[in-house]
Structure formats: C-alpha cells, structure tokens
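Participant: Just need the structure, nothing else, for what follows:
(4 chains)
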Amino acid sequence: MPDWWFSNAVVVGLLASCGALAVYVRRNRLWSEAAAGLWRRRPLAILVVVFYASVALADSIFWIGGVDAGDDVVKQHEALSLVDRAFLGTSEASYSAPFADVEFYGGAPLQQQGLHPFGTDILGRDVLYLVLKGARVALLIGGVTSAIAIPLALLFGVAAGYFGGRIDDGVFFLISTLSAIPGLLLLIALIMVLGQSTLSVCLALAVTSWVGFCRVARGETLKLRELEFVQAARALGVSEPQIILRHILPNLAHLIVITYVLLFSGLVLSEAVLSWLGIGIQGSWGQMIVQASDEISREPVVWWNIGAAGAALFGLILAVNFVGDAVRDVLDPRTLREEA
Amino acid sequence: MRRSMRSEPTLRHRLVAVGCLALASASCGNNPYPDSEGSKKVLYTSFVDAPRSLDPAVAYTTSAHAITGNVYDTLLEYHYLKRPFELIPGLAKSIPEPEAIAGGRVRYRFDLRPDLVFAEDESFGLGGEGRRTRAIESQDFAFQLMRIADPAVNSPVYEPFSSIEGFGGFRERLGALRAEEEGFAGLPIREQYQRAGGVAGIRTPDVSRLEVILAEPYPQLLYWFAMPFTTPVPFEAVEYWNGEGDRERFADHPVGSGPYVVASYDKEAKIVLEANPNWYGVQHPEWKAPGATYPSEGEAGDAEAGRLDPQTVGQPLPFLERVEFIRERESIPRFNKFLQGYYDASGIAKESFDSVVLEDRISPEMAARGIELAKTVRPAVYYIGFNMDDPVVGASATASGRGLRQAMSLAIDSREYARLFQNGRGVPAEGPLPPGLFGYDADYQNPYRHVDLERARLLLVEAGYRGGVDPATGEPLRLTFDTSDTSPQGRLRFQWFVNQWRKLGIDVEIDATNYNQFQEKVRNGAYQIFMWGWVADYPDPENFLFLLTTPMARSVSGGPNTANFQNAEFDALFEAMETADNGPERAATIAAMRELLERERPWIELFHPEDYTLFHDWLKNVKPAGISNPTMKYRDIDAGRRGEQREAWNEPVLWPAGVLAVLFVAALVPGVRTYFRERQ
Amino acid sequence: MSELLRVRGLTTTFPSEQGPVAVVDSLDLAIAEGEVLALVGESGCGKSMTALSLLRLVPRPGRIAAGEMIFRGRDLLQLTVPEMRGIRGRDIAMIFQEPMTSLNPVVTVGAQVVEAIRLHEPATKREARRRTVEIFERVGIADPEARFAAYPFELSGGLKQRVMIAMALAMRPKLLIADEPTTALDVTIQAQILELLRELQRDLGMAILLISHDFGIVNELADRVLVMYAGQVVEEASRSTILEQARHPYTQGLLASMPSMARPGERLNEIPGVVPPPSDWTAGCRFASRCVRVLNVCADEAPPEVAAGPRAGEIQRVFCHAVAREVADA
Amino acid sequence: MLAYVLRRLAYGVVVVFGVLGLLFVLFFAVTDPDDIARQSLGERVPPDVIEAWKADHGYDRPLWPWQDWDDNQLFAHYSAMLRFDFGRRDSDDTKISDRLLDGMGPSLSLTVPLFVLGLVIGIPLALVVAFFRETYIDRLGVLLCVLAMSVSILLYIVGAQYLIAKLLRWFPISGFDPDPSVIVRFLALPILVGVVAGFGGEVRFYRTIFVEEGSRDYVRTARAKGAGEPRIMRAHVLRNAWIPILTQVVLSIPFLFTGSLLLESFFGIPGLGSLTVDAIRGNDFSTLRTMVYIGALLFVLGQILTDLCYALVDPRVRLE
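Facilitator: Numbers count the residues shown, from 1 in each chain, chains lettered A, B, ... in the order given. Next comes the predicted model:
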C-alpha cells in the first residue's frame, strides 16, 4: 500500500476521532466545562493551533493525477497534496525578495512577478509554500512523537507506581540508565539503526523523551494507590487491571493532556537543533532555518527564508504554549482549588 | 529591605546602574585580538577542522598542506607567479635532468645548498647535551623517503614512489623483520631502517648530494619533490616525539626546515606559525635563492594586481612575522569577522570538497571596503559519477545504460549550478582535464554537457524509458543519489540536481547517510549516483585520467575510481600516454580518451573549481596557488592600514544601550508606583 | 462591657460571570470586650469570609466593597496597610480550622511564635524565646522547652492547634477570631481546646468571635449567636434565647437537624433543597425557596428586621416577613 | 546519613554499569571496528594497515564475552573505565585527559556564569512576578516568559550575531581568549544569548512554585500575624520554595562540565560542548565512552547532591 494511502487513512482516522472526542466531551460535564473554560481563556491561541492543524491536514490528503506540472514531468506521476496543488508551477530560478518582480541576484525577470509574499529560496521554491509544508512536519514531530512517548511513559510509570517492588526497581533502573546517557547519543544511534524517515525520527525522539513523564506518572500513581477509593475498589474485589483502567488512568487524564501539550512544543523546538546536527526531518522549519542561516552572512542579506521559517515556528510554539497554560489552569485540580 | 522600598531609589542604586553601563561599554568593542597586536606583521585567517596529522609523509588534505607547506621546505618549488606552474630550485641548487642509465633505469641527482640548518627543537638534544638544531644532510631526505615506504607510517602516497628501485623490497623487509624479530620494533627508527637495508634506488654519496634511481621512467616524479612529502625530516624528532609520557606525537609536533615553525598548536582553537630564524632565506639573503626571494616577473595581470610592486620584487622572504589560523566552526562568524577586518583572508574551506563555503561575490559594499577576489582555476574537477557496476545505470545495461547516462548528462547545466551555488565562480567542465594542464583543449565542446532536454528525451526513448517511465514498474524510473553529507546546506545542492532530472521524468531520491553507512554502501557497490571531486597532486593529465583506469576501480582494488569504470580500450590508451612526453602524439591519445568518455559518460563533469581567496587590500601579494604550497612567505601585511580600517569599520553603536537602559528604568517606575499604591 | 467592635453594612464581593457577587451582604455585628460571639451557618454561607474581612485578608480577586468596621474607635477600612498590619496579631488575632497546614512546615514552631512577637515588639530573641516558652506552658503544651525547637510535622493535631493559639495570644490581643477551631480535631481533643479557650477568654478578658457550623460547640462557649444564611444575617440573639425560642424558620430548621441538640428518640428533620447559587439570589429573602412558612412577599422584598425579644432588655433580631406578620398580629 | 550515601553510591555504580553496557551495545550495533580505523586513517587505506591499526588500538579482539571469555573488548572497556584510564582518542591518538583538561576551562567559563545568572535573574524576577500576582505586572511577566520560550535557540544565536555583533558591533562575533582582561569581551554575547533563551522557562517554573506556595495556609497564618508581604515572600514562601527549586537546579550542576553544544560551536569557544557529537560522528569510540562515562558519573553525583540538598532544606526528610 503506497504511503500516501496511509496518509489519507490517517487523516480520516484523525477527523473521525476528533468527532468522537467532541461528542464524548459534550456528554461528559467535567470535560465540557473544561473545554468551555479553555475556550474562554485563550480563544486566539486555539484558533492559531487549529489553523496550523488544518494546513497540516490539507497537506496530508494526497492523490495522483489531474495536474499539469509544466516542466516537472515526475510530478504527473506523484501523489500531490492540496497544498502542493495550490502552489503548482510557482517555482522560479533562484532567490527573489518578497513581492519582487526580478531575481535577487542578477535581476532576471520572474515568472510570477510580485506573487511571492515571502519570496523564493535558492532553488526558486516559493517560501510560503515551504512554510506551509513545514506545518505537517511540525505537527508530525510534536503529535506523533508525544503520542508514542506518553503511552510508553504511562505503561512503565503506572506499572512501577502501582505494583512497586521488583517492577518499580526495574523501571527505575531503566529510567536512570536512559537519562544518564546523553540524549543525543541515543537519538543518533537509533536514527542510524531506524533510518531517517519521518516516522523513525519520531520513534527515536519518543524513546529519548518519555522518561520525564514516566517519573511523573509513577509518582502520581503512588499517591492514587493509597487513596480510599482505590482501596474501596480493591475491597469490592475489582481486578488489578480493572482498577488501573477505571480508576488510576482517568485520574491521570489531566496530567496526560497537560504533558502532551508541553511535550509537543518542546519536541518541535528541538527539531531545529536536530536539523543543525544533520539528523532532522526533511522539509521541516528547522531545516529551513539551518539552510538559511548562511544567507545571513551574505551581503546584502537574504532574510526572508529564515524570517518566514522562524516566524512560522514561533507562531505555532507560542500558540501551543498558551493553550498549554490554559489547559493546565483548567484541568489541574491544584489550580482549581486556588480559584475557590 | 524595608527602608529602600519606602523612598525613591537611593543614590546608591543610581551609582550602581551607571557603573554597570560603564563596565559594559568598557568591555565593548568587538576586537577579538589583544590591542598590542595591531601594529605587528601578523596574518589572521581561519580554519574549520584541524588537520588529522601534520606528519609530512601522511598529511594529504588541503587544510594540512596549508601548514606543512609553510613549515617543511622541499628540494624543488613552484614559481609563485608564473602560470602554468613552473618548477624552481628550493633546497636544491638546481633542477636535475633525468639521466638514462643501464637497464632502462633513470637517475636524478640533487645537489643541496651549503650549510642548511633545521629549525630549533628540543629533540636535537638526543644528538648531544644542549644542542637545539643541526645541519641538514642528504641522509635526512633519504630517511623521509624511507618513511614513505614504512608500512607503520601508512603514507597515502606510497604508490607514486614505488617506481624507485628497491622501494617495495625495503617495505617487505621492514615488515618481515618487525613481524619475526622480537623487539625489533622497539629499536630506534633509524636503526630499523639500516637493519632493513635501506632502498637501493636512494643513494647519499656525500652529505650534500642525493641520488634517486627509478626502475622505469616516471617524468612526473619531480613534481613530488615540490610537495611536503619529500621534505628533509630529522630522525631525532621522529624518535623523540613518540607520544609516550607527556610528549606529543611527531604528527602534532612538526620539526622542519621551512620559513615558518609551528609556535603553538591547539587543534580546538588556534594554530600559530612564526618566522623561522634558521631558514636559509633568513641566514643567507645574499644568495638571492629563487625560493627565498620575491620573484621579479610573473603571469600577465600580476603587475596590475599589484603582485609585482617594485618595493617587494627581489626582497628576501619571508615578510610576515606570524600567521594565526583561528578555528571557526560556523560560517556566520567566519565570514562576518572577515567583513569586519578581523580576518585578512577568507579561511581554508571545510575539508570535504562537496560543501564549498557559501561566500559571496564581491558586493558593492565589499568593493567599497577594498575587498578583492583573486581566483585561479584550480587543477581539480567536480563530477557526478555513475556506478558502472550497477545493473540499471552501469556498463552491464549496455545501450540502455549508456542512453540513460547520456540523457541525464544533457539535463545538467553546470553554468546554472555555478551561478546558484558558487556565485558564478568555477569553469564549467567539458571533460575530466582542468585548464592549465597539458592536453586541455579550451575549445572542446562536449556534446553531452550542454542542456538539450529534447535530445535527452529522445535518448530515453531509445534506452527504453519513454517519458522517464520504468517499463518494469510503470512508474517514473527510480534511482538513488548517495552521499555522506547530511547537512541541510548539502541537501539543497543535491535537490537542485534531482529537480533537473525530474524534467526528464526520472525520480532520483537523495540517500544521505552518515559516514559509516556511506562507506559500507560504496564498499559493496550498493550505490548508483554520487558526487565526488579530485584535486590534482601535480599538473599532469596522468594524475586525472588514472582515476578511470580499471586497476584503480573501487570494486577491483578499492582505489579512487569510484565509478568503477572498467574499459579495456581506455586502459590501453592510458598506458600509451602515461609516461609519454608532452608531444602532439600524447595530445592525440588524450583526445581519443576524451571521445571515449564523452560516449560512455561514466562521469557528468560539472566544473573545475576556481581557487578563490577573498582578501582585504592591506594583504599584499595574494595569488591563490592551488598546488604550490609554501605561499605564506610571499605574503605581506600593511599593518598600519589594517589598524585604521578596523577602527573605522568597528565603531560600536552605543545609543541603543542608552535606549535600552531608559526603557528598563521606564518599565521599573510603574512597578514601583503600583507597589506604593498597593500599600495605601 | 464597653463595645469593642461594631461592623455596619459590611459587603465583600467576588467577581463572577454575572458581575460581582456579595458573598457577605451588608452585615452588621457588634462584639463587646470579653464577649464570645458565635457566627453560625452552613458551610458556604460566608462566615469565614466575614472573619477574613475583619482582618482585611480577603483573598484576591475578592475585595471589601462597602461597610465600616469600627474597632476601639478606629475604622479598620480607612487604615493604611502598615497601620492595619500593626493591628493584625496584636489587637485582633485569628486561628484557623486546619492546624495541619497552617504552620510553616520548614520552620520550628518556636520560631514562628517568636516571629509573631517580634513583628510587633522590638524584643530581643532571648526575651521573645522566654515569653514563647511561657505561653506554650500557658496553653497546656507539655515540656515547652523541648517543643520550642520542634517542627510542625513532629507534633499532633491538637498540639499544633495549641501552638496556633499560643501564636495568636502572643501579643494578648483584644479579639480572637476562631474559625472552626476544633472541626478538624477528634472529639477528645475538641473538648480540651474548648476548655482552654474558655479559660484564656476568662483570664485575659479577651473577646472571641467563634465561627462554627456546630451548635454543640456554640452552646458550650458563646454568649451571643448570629445565624447567617447565604451571606446575610437571619437572626441574632443570646445563646439561651436562640436555643429555646429561635424564631427564624431557618434557625429552627437548623436546630432540628443537629444530632448533638436533639433529644434521644426524636426524629431528625432536615431542610429540603440546597443553598441557592449566587446567580439565583433575588432581592427578597434568600431562604424563601426552602422556607416552610414562605409567603409570596418573601421572594420579592428584603425581609424586614424584627425586634422580637422574649424578655425586656434582651435583644433578639429576626429578619423574616412571617415573623414580622406574627409580631404584628399579636 | 553515611549509610544512605553509600547505598546511593552502590545504586549509582549499577546505573553506570548499565550505561556503559548500553553504550557498548548501541555503538557496536551501528559501527564496525573497521569503520573506526577507516575514519581515523582516511579513506584509501590498504586492509593490512587497518588490521595493524586495530591491533595497535585493541580493536582486533572479539567484542563479546561469549566469544572469548578472558580477552574481549567488553571487559577491557569496563576495566579501562573503572581504572579511569581514558587512553587516547581514536581519531588522532592525542591523550583524552589532556583534551578534557584543556576543554574544561572554556566550557566552565561559559556554563558557570550562565547557571549563576539563570538563578540570580530568574528567581528575583519570578518573585516579583509572583509578588504582583493578578496585577498587570504578573500578566506582562508571564506573557514575556512565554514569548521568550517560544523562540528556537538557533534563531537567538543567529539573530544575536547579526544584530549585536554585526550591526551594533558591541562584542566580537566569536572567538575566545583565556586572558582575564579580555575574556569578558568574548563571553558577553554567548552568555547574553544563553540567558535570554533560558530565562523564559526558568522564570515560569519558579513563578509556578512561588504562586503555589503563596496559596498555602501557612502564608495566611503569617498574614494574620501581621507580617508584611515582602517579609512573607522572603521568610516563608522562599524558604518553602527552595525544596522544588533546589532539586531542579542541583540536578544540572554536574553537567556544567560538559559545556553547551550550540553556544560553543557558534561562538568559537574551544570547550567540551561538541566533543560528544564529534565523537559520535567521527566514530571515535574511546572519546565517546569517556564522555558518556563522565556523564553517567556526573548524573549519579547529581542525584546524590539533590537528595542531600533535599535533606538540608526540608526537615521532614531524614536520610536513613
């Protein structure tokens, strides 16, 4: 099955699960109140995140054909996303300043005069197009990696916290060992083994970033296990896995959501450094920034590459951080108590 | 705490604030060098990665030669200005003529200049208490040639010298003795070489004469005697600096006879060369030795470029007291510090040839600052190679493979590539030979090196890939472009090539892996397309065409022929021209070889890079030398002008500091006011 | 007994979606020197907020919107922050419900009491230490010298409350506000603390504003009782009057549902419904929706104050239309 | 107390063993001893010379114990590390201990000021923001922190070098000189970038702690005692806040030695920051295992330091 079918399937899956989530939230009073509170606090940030997500989704729907791509013959046979199709044939020969009519070096006239809001890069690709393509990569790095790291952390953390004893020692040893090894070494070794595709970089990042939340989950589970309602459930003869599923996990729900959001922005930011080290993901904003960083030393300065990629990265991270704050204020019981 | 919160910020606070500002501005100013250095004749330039070794027998990279070339003197040298390159005597009195002797052998006789002396070093203490140096003898040259043969030294240039009589024999004997005889390897190195019986073809009749006898003619040998490999090396240094205890290794502690010595060697931060008082040019200016006096004539254009200034012509070298190579890992600081005048010339490019430093052309602002660009075509060629062992693009695909390679060659426009990535520098390559070499035909037009997409598409049809579609899969033909450069900047360059081939409908995927995996792929032939370059050792066509001979194929002997081009006809032609003299007959053979390459297309020749140096107008006598290594001794600095220019260009702009301070205080005031309002 | 504190029209508001909510709504109260006034009501009726308002310690974003608090001739609301600070801990002191968390866990209890002293008097450390040990003894802490250097986590709940009391009484305040002082303690300790408070109140002639939801405790200690509901005073009378002739339907309902007050065998009745959320408060009586003797006027007009004292000179104020009509008919 | 430290040390040793083991497996899963040799000797090297180099550096022996119990690289690797015999770098045979000593100075001269400034600026700023909770200063402060946190450090570095070093020319763009009279000029810009890039996260972390402690009951008690806000902040909130702050801060102290990768590369400071990455990329196993070994020891040291600080600051914690 070609990978673009897989991407379309993921998009459908995501939209379906969002719908289901919305229904569940509307039915569950606690979560609908939280959602309303969230919207009240940071409407703008939520809108920005939704915008990035929609661009990423638009960029994940692929199909072949129905396009004449001028001189790039291979494009005819390639699966192109909505974003690709929107920017078909907008490439130039080389650099051009935003809204310019002529090339930056040499002054040759452009094919699309004045139509490049962020100019074009050294290969003549429209910078706005590259920035939009970056959204999908950023959401993949942040979203997929966290979606792998958090269940991993929960698995080990809850098990260690709930069962204790040898399991706890084993997990604690694993955590200590993993955090004692420099993250970069682990990351580069994993990427060497798994290869440099987006999924494998996400997997490698996940393996190196689950340790923090695992400690939190373990601590929280230790506390929950002692609470009366868990002992009561045990007294009623509820089986261990049942207790974990129906009592422990729901009480960690708020922590999961908060950590997901904070992990998200941390990972997307760290991708820029990975690109600088040469193990980043193709087409990411980080890669754009590193590629454009040399342009800063040119005279006259080619600023729009690094400017556009930097602004896009900053916009997403700022929005996600604000949403993260709001989520923590809404969901975290301690802050709820502080409110009363 | 209570009192000060009550009243306005006391005087003490204001004083502290002013103090901080003063301290900040005092330490302001971005001159990275101690102020005392301003007036001295010191050249500042940068390097990216420190050379792995400075051992003259091993150092083979451009960043290493930039140092060994100026520290180790050689028997012969290249004339600084004349192009094409011309040999001049260095430590030798004259350039020897090859004498044919019995048995088809050839002899070269070098006569040394009198009372040459090594640079001072504590290792000479081995020869007697308190001795800091000693006279250079012909045995020191022989010792170095034997080191090249020594397997333990693992010199990359063993092969070119193997034509010396008994060179290979000496290597086997040495290896055998070390393997069998117990404790032999522990003996002093000179004794080991004597016990192994030395090399028959290297004779030292007396301290001032060296004779080299070749088993078969090899005219290019003389060029090797203008490279640091054949410099005189004192055995005391090799024995003393053995890396035991806290002594450095000889590879990190050069002891030579050149115009400069390595004063300090910190691989992570700075490498400093200082003028060598014992150098023969300093000891005996009266000799007016060609290697120690500024040349009086040169190539056309040298005069206008100011390289034949009457005050410098005929002056004894060297002019510079000190040369500082400062490490700059990133291009932003490297280039901008050059623009600010803190580097006199743009630094040595990063070692790997495939990421040429992205430095700009001469922009109006740079011209206004008097920055100049000197370029000479470098005796090198960058090319895209096909793995001829590959079933799809290789020789085994016969006509379809050839058609595919020809079509892909027609899609690449070297001029456009140079415009985008080299700022227009570099000569588009028509064939493997760079300009300035015998056999280079300036008006040869390679039919497959001019963009012609129509013809390319026709060729693809003939090759069975109509519209770039692979009949087996019905999809665009999928090829891989293999590289070990994972940097984002490198990626841009390869993406450009991919975009050109996409116009033919061929989908090439860039497979950038780290060093090990890349070597792994190359070793077992699992690669299709790659980008590589070759820098000449010496200006002779043989040094380029040997790259495509069967014996040199990677899959045959692990040699530099990464394209694995194995063509009997080509090999035969190579044998014919290899040792021929530069005559019309040799030119004809080269032309035939070029025809063959044109048709077979193992390489898509891209361009011959122009060796460039951006330099400020206070750096005199700059001429990029490509091959010729000892360049620092010819350069000069107008330290006074540099001081003025640096001053003028680097006035710190202080008013923003004031604005920031005011803003900071302005932000404080409402805070303090709310605090007081809060207390009512 | 001369009047110590008179509060008139005290209103403390908290912002909410529907605008500011008066958690304490134009409250009047008066405490005489040495008198024990009890403030009684269900949890959430604003009694704790009233106490905090007296010390101007209303947590953000709440604030005191109106009213005056005359304490020994000075209106506390007009004082500057430093002046108000001078009063807290010296003239008016407060102890809280949760002794477990009310002491700084990383500072010894002795040091925390010394701080209470040295905040208001330039006593030397040794002098303050001596007085602290003395007060510890006075509040019944055994082996006070050793306990001085103990950390809060090393003491039991009861001991911690005694430390809190010692800290409050360090400067011999005129008025002690005790916010549910015994609720978090188990019964045996509760009795000891109450006994201690009674002794201290008698010895020091100190007035106590006792806040509780338990009439049992009120009955033990209080001279006069103020019943609060949804931020407003509904009835005020002496302890004996309230217990025997409570007139306001809410007070009667409250008494009837107290297990500690009921006679054995009598069925406890409970007040139907729940305290209405601020958004449902109308101009009228806030207890209307749950009142057994509700009249249709109750929901529209604020209940009038009815002076209905059973014996001459004994004041009993009731805010209820039904009672007003009853008195008018009699 | 001693028993506790010994127990933690024992546990630390186990962790270090685990780390060295994991490193060995990870490295030799992706690299082959021949690659180490080739990277050190250069590309076109005859096979016999590679064998000689491997023998000389001890890479010719079998890797795993089950292949050859008494002479295998895994045990040699462990014994070398335990004897702190770091030996020489695979890449250019220079002594690793020299490289560490040379690099430690510049690295510390950058990371220590960054660490101290992080505290000296972060904590007071967070205190002020927490002190003025619910006022515009609080909201402005939090906004500033989130803005500062949302920018990638690469942009900070490139921006600072362009604006401050190139346009304003206050400080050199890069370079380093240990001479005390000049060193400030070189370290000013990297430290400025480090602080600006870091302060967002730090201030927000400290503010959350102060706000949380500020809402505790004992603060209300202190207010009831008549203590002023500044005094409460200093004597009560800060003393309790030290516990979470110290645990976070002390953990990072040991890692000051390993320097900062990005700042040192871009500002040309010859520290240890890029040593690990260069070792990974250059197949330099001896340098890599030394850095990882030191890193693991520092990590264990950090854990123990944290626990000790915990006991120091929080009376409730007794180290039995």
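
Participant: can we go C-alpha only for contacts and neighbour counts from here?
Facilitator: OK.

Participant: Roughly how far does the residue nearest the centre of chain D sit from chain A?
Facilitator: Nearest to the geometric centre of chain D sits D:Phe255, at 3.0 Å (CA atoms, centre = their mean). D:Phe255 sits at a distance of 11 Å from chain A (criterion: CA to the nearest CA, to the nearest Å).

Participant: Pull the number of nearby residues for A:Ile175.
Facilitator: Neighbouring residues of A:Ile175 were enumerated by other CA atoms under 10 Å in any protein chain shown; the total is 20.

Participant: And for it, nearest residue in space, chain neighbours not counted?
Facilitator: A:Val211 (6.0 Å; CA to CA, 6 or more residues apart in numbering or on different chains).

Participant: List the contacts of the residue nearest to the centre of chain D.
Facilitator: The neighbourhood of D:Phe255, defined by CA atoms under 8 Å, 6 or more residues apart in numbering or on different chains, consists of D:Gly295, D:Leu298, D:Phe299.

Participant: Go ahead and confirm the residue nearest to A:Ile175 touches A:Ala153.
Facilitator: Yes. Taking CA atoms under 8 Å as the definition, A:Val211 is a contact partner of A:Ala153 at 6.5 Å.

Participant: Residue 194: neighbour count?
Facilitator: Picking chain A for this. When counting by other CA under 10 Å, one arrives at 14 neighbours for A:Leu194.

Participant: Not quite, go with chain B.
Facilitator: B:Gln194: 12 surrounding residues under other CA under 10 Å.

Participant: Dihedrals phi and psi, it?
Facilitator: phi -60, psi -50 (degrees, to the nearest 10).

Participant: And A:Ser176, by the same measure?
Facilitator: According to degrees, to the nearest 10, A:Ser176 has phi -60, psi -40.

Participant: Tell me how many other residues surround it.
Facilitator: Neighbours of A:Ser176 (other CA under 10 Å): 23.

Participant: just the strands in the chain please.
Facilitator: You didn't say which chain, so I picked chain A. A:62-64, A:79-81 (DSSP state E).

Participant: Mind putting those strands into a markdown table with distance to B:Ala303 and mean neighbour count?
Facilitator: Converted to a markdown table, the strands of chain A look like this (distance: least, CA to CA, whole Å; neighbours: other CA atoms under 10 Å in any protein chain shown):
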| stretch | distance to B:Ala303 | mean neighbour count |
| --- | --- | --- |
| strand A:62-64 | 63 | 16 |
| strand A:79-81 | 59 | 19 |
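
Participant: Would you format those strands as TSV with mean pLDDT included?
Facilitator: Below are the strands of chain A laid out as TSV (pLDDT from 0 to 100):
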stretch	mean pLDDT
strand A:62-64	84
strand A:79-81	83
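
Participant: between these, which gets nearest to chain D?
Facilitator: Among the strands of chain A, the nearest to chain D by CA to the nearest CA is strand A:79-81 (28.2 Å).

Participant: quick one, what contacts residue 214?
Facilitator: All of this is about chain A. Shown in contact with A:Cys214 (CA under 8 Å, 6+ apart): A:Ile150, A:Leu152, A:Ala153, A:Leu154, A:Phe156, A:Gly157.

Participant: meant chain D actually
Facilitator: Contacts of D:Gly214 by CA under 8 Å, 6+ apart are D:Met233, D:Val237.

Participant: CA atoms of stretch C:292-308 as PDB?
Facilitator: Extracted C-alpha coordinates of stretch C:292-308, given in PDB (Å, rounded to 0.1, in the frame of the first residue of the first chain):
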ATOM      1  CA  VAL C 292     -41.700  26.200  55.300                       C
ATOM      2  CA  ARG C 293     -43.500  29.400  56.200                       C
ATOM      3  CA  VAL C 294     -42.800  31.200  52.900                       C
ATOM      4  CA  LEU C 295     -45.200  34.000  51.900                       C
ATOM      5  CA  ASN C 296     -45.400  35.300  48.300                       C
ATOM      6  CA  VAL C 297     -43.900  38.600  49.500                       C
ATOM      7  CA  CYS C 298     -40.800  36.800  50.700                       C
ATOM      8  CA  ALA C 299     -39.300  36.300  47.200                       C
ATOM      9  CA  ASP C 300     -39.800  40.000  46.200                       C
ATOM     10  CA  GLU C 301     -38.900  42.200  49.200                       C
ATOM     11  CA  ALA C 302     -35.900  42.000  51.500                       C
ATOM     12  CA  PRO C 303     -37.100  40.700  54.900                       C
ATOM     13  CA  PRO C 304     -37.600  43.500  57.500                       C
ATOM     14  CA  GLU C 305     -35.700  43.500  60.800                       C
ATOM     15  CA  VAL C 306     -38.000  42.500  63.600                       C
ATOM     16  CA  ALA C 307     -37.000  43.100  67.200                       C
ATOM     17  CA  ALA C 308     -38.700  40.200  69.000                       C
END
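
Participant: what mean pLDDT does that stretch have?
Facilitator: For stretch C:292-308, the mean pLDDT works out to 81.

Participant: Can you give me the buried ones in it?
Facilitator: C:Val294, C:Cys298, C:Ala299, C:Ala302, C:Pro303, C:Glu305, C:Val306, C:Ala307, C:Ala308 (16 or more other CA atoms under 10 Å in any protein chain shown).

Participant: Quick check: chain neighbours aside, which residue is closest to D:Thr96?
Facilitator: Residue D:96: Ile, not Thr. D:Arg88 (5.2 Å).

Participant: State the pair within the buried residues of stretch C:292-308 that is farthest apart.
Facilitator: Longest distance between any two of the buried residues of stretch C:292-308 is 22.1 Å, between C:Ala299 and C:Ala308; criterion CA to CA.

Participant: Retrieve the pLDDT associated with the closest residue to chain D within chain B.
Facilitator: Closest to chain D within chain B is B:Asn30: 3.9 Å, counting by CA to the nearest CA. Predicted confidence (pLDDT) for B:Asn30: 78.

Participant: measure it to chain A for me?
Facilitator: Applying CA to the nearest CA, the value for B:Asn30 to chain A is 17 Å.

Participant: okay but that residue is in contact with D:Leu187, surely?
Facilitator: No. With contact defined as CA under 8 Å, B:Asn30 does not reach D:Leu187; the gap is 11.5 Å.

Participant: rewinding a little: now for the residue nearest to A:Ile175: which residues touch it?
Facilitator: Contacts of A:Val211 (CA under 8 Å, 6+ apart): A:Ala153, A:Ile175, A:Leu178, A:Ser179.

Participant: Per-residue pLDDT of it, please?
Facilitator: Per-residue confidence for A:Val211 comes out at a pLDDT of 88.

Participant: one step back: would you mind giving the contacts of D:Phe255 as CSV with distance to A:Glu226 and pLDDT added?
Facilitator: Compiled in CSV, the contacts of D:Phe255 are given as follows (distance: CA to CA, whole Å; pLDDT from 0 to 100):
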residue, distance to A:Glu226, pLDDT
D:Gly295, 36, 88
D:Leu298, 34, 89
D:Phe299, 31, 88
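
Participant: among those, who's most crowded?
Facilitator: Going by other CA under 10 Å, D:Phe299 tops those with 25 neighbours.

Participant: D:Ala235 - how many residues pack around it?
Facilitator: Residues near D:Ala235, counting by other CA under 10 Å: 15.

Participant: now do A:Leu15
Facilitator: Using other CA under 10 Å: A:Leu15 sits among 12 other residues.

Participant: what's the pLDDT at it?
Facilitator: 91.

Participant: do D:Gly18 as well
Facilitator: Looking at D:Gly18, its pLDDT is 90.

Participant: ok, then the element right after the helix or strand where it lies?
Facilitator: Take DSSP states H and E as the rule and D:Gly18 turns out to sit in helix D:2-30. Once the chain leaves helix D:2-30, the next helix or strand it forms, by DSSP H and E, is helix D:33-41.

Participant: Give me the packing partners of that following helix, helices and strands only.
Facilitator: helix D:47-57 (3 or more CA pairs under 8 Å, 6 or more residues apart in numbering or on different chains; DSSP states H and E).

Participant: Which elements pack onto the helix it packs on?
Facilitator: By 3+ CA pairs under 8 Å, 6+ apart, helix D:47-57 packs against helix D:33-41.

Participant: That'll do, ta.
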